[in-house]
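Visitor: need coordinates for the following:
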Amino acid sequence: MPTLTIDDKQIEVPAGLTVIQACELAGVEIPRFCYHERLAIAGNCRMCLVEMEKAPKPIASCAMPVNEGMVIKTNTPLVKKAREGVMEFLLLNHPLDCPICDQGGECDLQDQAMAYGGDSSRSLEMRRAVPEKYMGPLIKTEMTRCIHCTRCVRFAEDVAGVEAIGAINRGENMEITTLEQAVASELSANVIDLCPVGALTSAPYAFNARPWELRKTESIDVLDAVGSNIRIDARGAEVLRVLPRLHDDINEEWLGDKARYACDGLKKQRLDKPYVRKNGKLVPASWDEALAAAAGALKAAKGTEIAALAGDLADMESVFALKTLFDRLGSPNLDCRPEGNTLSTAQGRAGYLFNTTIAGIEQADAILLIGTNPRWEAPLLNARIRKRWLKGGVKIAVIGEAFELTYPYTHLGTTPQAIKDAAAFFVGASKPMVVLGQAAFQRSDSEALVSAAQHLPVQREGWNGYNVLHTAAGRVGALDIGFVPGAGGAATREILAKAAAGAMKVVYLLGADEMDTAKLKDAFVIYQGHHGDAGADVADVILPGAAYTEKDATYVNTEGRAQRALMAVPPPGEAKEDWKIIRALSGLVGSALPFDTAEQLRTQLPLVGALDTVTPAAPFTPLLHAAALSDTPFVYPIQNYYRTDVISRVSKTMAECTKAVLPSLQPKAA
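Guide: Okay, here's the model as predicted:
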């Protein structure tokens, strides 16, 4: 480890670091615009200049590797003068339109001009003007402000894996552009966070608010199963924007476009008051009337004649409360897989978790994807696979449709038959991975397919390479609770069949919309949720619940990590937190649940490990199944990345993305 001197202080740092990283370890702040720790080094802006002993001129600290005996000075008159000169050049063509710029208050250029720039301008020349560039419905451009740091270019190429943004012309005529094309990536809006000036800002958020007007709440995204850490910015009772929050083991500092921009769907088609169906029509009702109608239906039916389905966005608290209630009512008819898949809890958590963890992808040396398109099902997990590929020393293969996944891979086949010969792919691998998508669990041969995948040689001492990639944020938590059919109980498909035949009298839908709701028309349907979607259309009683931004709730991501979402705004109208609704209903059916507060409820949740930790699941014995594998191609659960749930389906921004970006984002053969 080389030892160097920074501002008369000796420090020992790991080999391979750059001077700017060594300065950070020494607690010295170095200004920068083009440098970003997660992007390739460009050395464009020169704002990070420092003085190095024996060097004839200041050096760019972001591009200079550390060496033994280096002497670095960061606060000399020469360094100060150099930084002021660089800042003067950066501001030479900048429009200085801070009062109308959406970046105002969050602008690196503002901050560093104040801290490191001069106090006057010597420029008398005309400033250049650059036309706006079209980059899609999410990114608003004002390219006259651009300082050519190329962060957006490097992000698109390195992290997102799309060559969508680049530079044309040279010198003062240089311009960053997409050649008037929408950025065809599910991660495109991250360039807004990366832009150190106001050249790239958020189009849906444009001119809505200033950062000091917003109330900031740290929370968790629930629009996929990755569990990305987010910050919700709200003013009053309205969510105005969602931004990524740093979590190296999950989303690093990136965020998918849907998680970021579907929040406008929180204002549309909301259920803000109870409803009861009378004479074939849903009419507004009081809470007392709606709860009484629901309780009356539950009490009038036998335990075997009632069923409950938990939806994709259901939190652990509400699922646990609903299971406890139905257990007391004597109903074994529970399911958290409303789309009807066959994912089982019989083998313990290892049978339904992403066992290697998301961060563990970076250790894998052989990755096999079966029946999954991670680019749409979990864009940030797909970006992690690309990151691993960029480091080299890994091979990747796909069984299923040949999608464009932002990294090269070997296509082993379109049908599950290819699994028979997949063992050879792992020869020589020390940390192999197999990833099963939800398409693998929605087939008639799913048990045989899962058995074949579990027999692949991916389990090692201290390493379980068998992974299930979920698409629903509430799924793992519900499986941990055991919200699956009990002894003699019916699963989703049987519940729907019995309801259509009149044998299932009452069906309780906890935010469950992803099913054939037409089969429920002859049953008494209680729908508890926050949007008027498919489940609400067939409901006899609607109990308005709270969205993920409107309650404190626990979610477990695909790797088994429990995290807490926090309330950023109150629920609209008369809507209430979901567990409270179920608790109130339990009293009316004569089986009051044993908790009155959220804290009392959470002490009973079957959490595995502490919050924000991953506890490895015990290894399992591969499932034995003798049935033959089908030669039918996989049918993927997500056909439109932008519209996958009740929130994103009513989002105006996601509708615009579907129209403008989806055609160029459609999976193409690699």
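
Visitor: and the residue most central in space within the chain, what is it in contact with?
Guide: Nearest to the mean C-alpha position of the chain, by Cα atoms, centre = their mean, lies Ser228 at 4.4 Å. Counting by Cβ atoms under 8 Å, 6 or more residues apart in numbering, Ser228 touches 220-221, 244, 247, 250-251, 255-256, 259, 380. No exception for glycine: its C-beta is placed from N, CA and C like everyone else's.

Visitor: which of those tops the neighbour count?
Guide: With neighbours taken as other Cβ atoms under 10 Å, the top of the contacts of Ser228 is Asp221, carrying 31 neighbours.

Visitor: I'd say that one and Ala259 touch.
Guide: Yes: under the criterion of Cβ atoms under 8 Å, Asp221 makes contact with Ala259 at 4.2 Å.

Visitor: just the residues contacting the strand or helix carrying Arg386, thanks.
Guide: Per DSSP states H and E, Arg386 falls inside helix 379-391. Under the contact criterion Cβ under 8 Å, 6+ apart, helix 379-391 has outside partners 158-161, 186-187, 224, 226, 228, 250-252, 254-257, 358-359, 361-362, 364, 367, 374-375, 394, 396, 405-408, 469, 558, 641.

Visitor: in strands, which of the residues you listed fall?
Guide: Using DSSP state E, the subset of the contacts of helix 379-391 located in strands is 367, 396.

Visitor: which of the contacts of helix 379-391 are buried?
Guide: 159-161, 186-187, 224, 226, 228, 250-252, 254-257, 358, 361, 364, 367, 374-375, 394, 396, 405-407, 469, 558, 641 (16 or more other Cβ atoms under 10 Å).

Visitor: touching the helix or strand of the chain with the lowest mean pLDDT from outside, list them.
Guide: Least confident helix or strand, the chain: helix 662-665 with a mean of 86, by mean pLDDT, DSSP states H and E. Contact with helix 662-665 is made by 181-182, 184-186, 640-642, as judged by Cβ under 8 Å, 6+ apart.

Visitor: pull the most distant pair out of the residues you listed.
Guide: Using Cβ to Cβ, the two most remote members of these are Gln181 and Asn640, lying 19.7 Å apart.

Visitor: strands of the stretch 251-400 of the chain, residue ranges please.
Guide: Per DSSP state E, counting those that start in this stretch, the stretch 251-400 of the chain carries strands over the ranges 275-278, 281-284, 306-310, 334-335, 366-370, 395-399.

Visitor: how about CSV for those, with distance to Ser123 and mean pLDDT added?
Guide: As requested, the strands of the stretch 251-400 of the chain are exported to CSV (distance: least, Cβ to Cβ, whole Å; pLDDT from 0 to 100):
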stretch, distance to Ser123, mean pLDDT
strand 275-278, 64, 97
strand 281-284, 64, 97
strand 306-310, 63, 98
strand 334-335, 68, 98
strand 366-370, 53, 98
strand 395-399, 51, 98
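
Visitor: of all those strands, which one is nearest Glu447?
Guide: Among these, strand 366-370 sits nearest to Glu447 (Cβ to Cβ), with 14.4 Å.

Visitor: could you give the angle of that closest one to strand 395-399?
Guide: Compare the direction of strand 366-370 with that of strand 395-399 by axes from the mean of the first three to the mean of the last three Cα atoms, to 10 degrees and you get 10 degrees.

Visitor: can you tell me which of the contacts of helix 379-391 end up in helices?
Guide: 257, 374-375 (DSSP state H).

Visitor: now, which of those sits nearest Trp212?
Guide: Asp257 (26.0 Å).

Visitor: contacting residues for the nearest residue to that closest one once chain neighbours are set aside?
Guide: Spatial nearest neighbour of Asp257, excluding adjacent residues (Cβ to Cβ, 6 or more residues apart in numbering): Ala189 at 5.2 Å. Contact partners of Ala189, counting by Cβ under 8 Å, 6+ apart, are 138-139, 202, 255, 257, 260-261.

Visitor: try Gln269
Guide: Gln269 neighbours (Cβ under 8 Å, 6+ apart): 531-533, 650.

Visitor: of these, select the buried ones using a PyMOL command.
Guide: A single PyMOL command selects the buried members of the contacts of Gln269 (16+ other Cβ under 10 Å):
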select buried, resi 531+532+533+650
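
Visitor: secondary structure and pLDDT for the contacts of Gln269 - can I get that in a markdown table?
Guide: Output for the contacts of Gln269, formatted as a markdown table (DSSP: H, G, I helix; E, B strand; the rest coil; pLDDT from 0 to 100):
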| residue | secondary structure | pLDDT |
| --- | --- | --- |
| His531 | strand | 98 |
| Gly532 | coil | 96 |
| Asp533 | coil | 96 |
| Val650 | helix | 97 |
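
Visitor: hang on, the earlier thing: any idea how far the residue nearest to Asp257 is from Asp248?
Guide: Computed as Cβ to Cβ, to the nearest Å, the Ala189 to Asp248 distance reads 20 Å.

Visitor: can you count the residues close to the residue nearest to Gly488 when sequence neighbours are not counted?
Guide: Sequence neighbours aside, Pro332 is the residue nearest to Gly488 in space, at 5.6 Å (criterion: Cβ to Cβ, 6+ apart). As a burial measure, Pro332 scores 16 neighbours (other Cβ under 10 Å).

Visitor: residues contacting Pro332?
Guide: Contacts of Pro332 by Cβ under 8 Å, 6+ apart are 303-304, 485-490.

Visitor: got TSV for the strands of the stretch 251-400 of the chain, with distance to Ala628 too?
Guide: Formatted as TSV, the strands of the stretch 251-400 of the chain follow (distance: least, Cβ to Cβ, whole Å):
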stretch	distance to Ala628
strand 275-278	47
strand 281-284	48
strand 306-310	31
strand 334-335	27
strand 366-370	17
strand 395-399	16
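
Visitor: good, we can wrap up now.
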